[in-house]
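[1] 3D model of this:
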Amino acid sequence: MSVRNAFYAQSGGVTAVINASACGVLEAARQYPDQIGKVYAGRNGILGALKEELIDTSLESIDAIAGLRHTPGGAFGSCRYKLSTPEDKPAEYQRLIEVFKAHNIGYFFYNGGGDSMDTAHKVSLYSKEMGYPITCIGVPKTVDNDLPATDNCPGFGSVAKYIATSVKEASLDIESMHETSTKVFIMEVMGRHAGWITAAAALAMDKENDPPHMLLFPEIDFCRETFLAQVEQTVEDHGYCVVVASEGTHYGDGTFLSASRSTDAFGHVQLGGTAPILARMIKDSLGYKYHWAVVDYLQRAARHMASAVDVEQAYAVGAAAVEYAVQGKNGIMPTIVRGEGPAYTWSIGEVPLEMVANVEMKMPRHFIREDGLHITEECRRYLAPLIMGEDYPPFKDGVPVHTRLNRVCVEKKLPAFDV
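    The predicted model follows:
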């Protein structure tokens, strides 16, 4: 049998380092020409497979591939597209296998979060039933740090570094102006059900009572009275108050403070707007002048402030995915394993895809202070190593230099497919 090709796709919301994982996959695959032929990348994620829009990465230069390591966004395009089960949508899975067959693809590297690991797992199982087994390896990625079975997830460390830095800088602004101006500053960060990004804001603190003074987690039910009382007390004690709130902040009945009526492709309610809601509460009840910020895409796109640890780990899981595939392993995801001892060390492990498919890892309660409004010292020790080190992109004329790929697709061989 001829050497089989590989398919790589990026899925879901991108991160500052997802392209570093792509770099790891592509550079590692080029080291095994006797086992892996060409690597095709899906244009706009899994849609690229369904539409047979396969980017031929062999046409990209060595320098361009290397440049992915310091380029944010998703170089091949990503998407939020839900593949349910083969029983519910057999035509989609049949289409995937038909495209893989047509282009002699025997390896599938899927770079994403829990939903993506579920898809990779199902493709692995269904391809066997179809008589065309595909080696499926998940490549972990999510800024939310909510994948289980791995110590942390590539993408999170850089967001954590950006948030901690931004909160620290903004707090100095508020501190310098609070006597005659803003008393309360609220920053809204990502995190629907898991408060890891919110927790990372606490890394801005040099000593006790430094800002941020209050953290609002999805794991803790929001109480309006408690929140307002804490804001008022903090302003009395320090002259100002800095709050970092998760977009997933919710009341005791589960209702999000900022829930809208729209949902995404996975059925998730569209969030965003927690900060202005909290600010209005403060204005109406306490009368303080306020400012708020929703950092939104800035937090996950800030490659100029990436954590060196995060970049290294993102690259490593991409390369490990290929190493595992050529070793004959299937249906697994590379993980990050934290070493023991006082000095931070890490290595790469593995876990079966079914253990991480559609499973969220929320913050454990012992990482959250007893009153639910800040982190514990144990949480700080966990978070601190993940933002260590700088890995700056090259700069030209004062701005970062990023790789732009040719993204040339191979000739289609199959009829069109409606997505």
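[2] flag the shaky bits of the stretch 201-350 of the chain, pLDDT-wise.
    Low-confidence segments of the stretch 201-350 of the chain, defined by pLDDT under 70, span residues 259-272.
[3] how about the strands in it?
    The residue ranges that make up the strands of the stretch 201-350 of the chain, judged by DSSP state E, counting those that start in this stretch, are 214-216, 241-246, 290-294, 332-338, 346-352.
[4] let's have those in CSV, adding distance to Thr71 and mean neighbour count.
    Heads up, the C-betas are built off the backbone N, CA and C, glycines and all. Listed next are those as CSV, based on distance: least, CB to CB, whole Å; neighbours: other CB atoms under 10 Å:
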stretch, distance to Thr71, mean neighbour count
strand 214-216, 31, 24
strand 241-246, 28, 28
strand 290-294, 25, 19
strand 332-338, 21, 23
strand 346-352, 23, 16
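[5] Ala49: which of these is closest?
    The closest approach between Ala49 and any of those, judged by CB to CB, belongs to strand 332-338 at 18.9 Å.
[6] got the contact list for the closest one?
    117, 120, 137-140, 149-154, 313, 316-317, 320-321, 324, 344-353, 356 (CB atoms under 8 Å, 6 or more residues apart in numbering).
[7] relative to Met190, which of the strands of the stretch 201-350 of the chain is closest?
    strand 241-246 (7.7 Å).
[8] who are the packing partners of that closest one?
    If you count contacts as 3 or more CB pairs under 8 Å, 6 or more residues apart in numbering; DSSP states H and E, strand 241-246 packs onto helix 156-177, strand 184-189, helix 196-200, strand 214-216, helix 224-238, helix 274-286.
[9] kindly reformat the strands of the stretch 201-350 of the chain as CSV containing distance to Ile36.
    Formatted as CSV, those follow (distance: least, CB to CB, whole Å):
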stretch, distance to Ile36
strand 214-216, 45
strand 241-246, 41
strand 290-294, 42
strand 332-338, 17
strand 346-352, 19
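[10] for the residue nearest to Arg369 when sequence neighbours are not counted, what are its contacts?
    Leaving out its chain neighbours, the residue that sits closest to Arg369 by CB to CB, 6 or more residues apart in numbering is Thr376, at 5.7 Å. In this structure, Thr376 makes contact with His366, Phe367, Ile368, Arg369, judged by CB under 8 Å, 6+ apart.
[11] can you say which of the strands of the stretch 201-350 of the chain is nearest to Gly74?
    Each of the strands of the stretch 201-350 of the chain has some distance to Gly74 by CB to CB; the shortest is strand 332-338, at 18.8 Å.
[12] count of neighbours near the closest residue to Ala384 other than its chain neighbours?
    Computed as CB to CB, 6+ apart, the closest residue to Ala384 that is not its neighbour in sequence is Leu203, at 6.3 Å. Around Leu203 sit 21 other residues, with neighbours defined as other CB atoms under 10 Å.
[13] ok, Leu203 touching Leu383?
    Yes: counting by CB atoms under 8 Å, Leu203 touches Leu383, with 6.0 Å between them.
[14] this structure: helices as residue ranges?
    In the chain, the segments counted as helices under DSSP state H are 18-29, 46-50, 62-67, 90-102, 114-129, 156-177, 196-200, 224-238, 274-286, 297-301, 308-326, 377-383.
[15] contacting residues around the residue nearest to the spatial centre of the chain?
    Relative to the mean C-alpha position of the chain, the nearest C-alpha, by CA atoms, centre = their mean, is the one of Thr142, at 2.0 Å. Shown in contact with Thr142 (CB under 8 Å, 6+ apart): Gly12, Gly13, Thr15, Gly112, Gly113, Gly114, Cys153, Gly155, Phe156.
[16] Asn358 contacts Gly114, doesn't it?
    Yes: counting by CB under 8 Å, Asn358 does reach Gly114; the two are 5.1 Å apart.
[17] can I assume Asp115 is in contact with Ser84?
    No: no contact is recorded between Asp115 and Ser84 when judged using CB under 8 Å, the distance being 10.4 Å.
[18] between those two, who's got more neighbours?
    Regarding Asp115 and Ser84, a neighbour count based on other CB under 10 Å identifies Asp115 as having more, with 20 against 12.
[19] outline the domain layout of this protein.
    Partitioning the chain according to automatic domain parsing yields domains covering residues 4-141+305-358+392-400, 156-304+366-387.
[20] quote the end-to-end distance of the shortest one.
    Start and end residues of domain 156-304+366-387 are separated by 9 Å (CA to CA, to the nearest Å).
[21] before we move on, the earlier item: pick the most deeply packed of the helices and strands packed on strand 241-246.
    helix 196-200 (a mean of 29; mean count of other CB atoms under 10 Å).
[22] CA atoms only for that helix, dumped as CSV, please.
    These are the backbone C-alpha positions of helix 196-200, laid out as CSV (Å, rounded to 0.1, in the frame of the first residue of the first chain):
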residue,chain,number,x,y,z
TRP,A,196,-9.7,29.7,34.9
ILE,A,197,-9.2,32.9,32.9
THR,A,198,-10.8,34.9,35.7
ALA,A,199,-8.6,33.2,38.2
ALA,A,200,-5.5,34.1,36.2
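[23] packing partners for that helix?
    Applying 3+ CB pairs under 8 Å, 6+ apart, one finds that helix 196-200 contacts helix 156-177, strand 214-216, strand 241-246, helix 377-383.
[24] for the closest residue to Lys101 other than its chain neighbours, give me its contacts.
    Nearest residue to Lys101 in three dimensions, chain neighbours excluded: Tyr132, at 5.7 Å (CB to CB, 6+ apart). Tyr132 makes contact with Ile97, Phe100, Lys101 under the criterion CB under 8 Å, 6+ apart.
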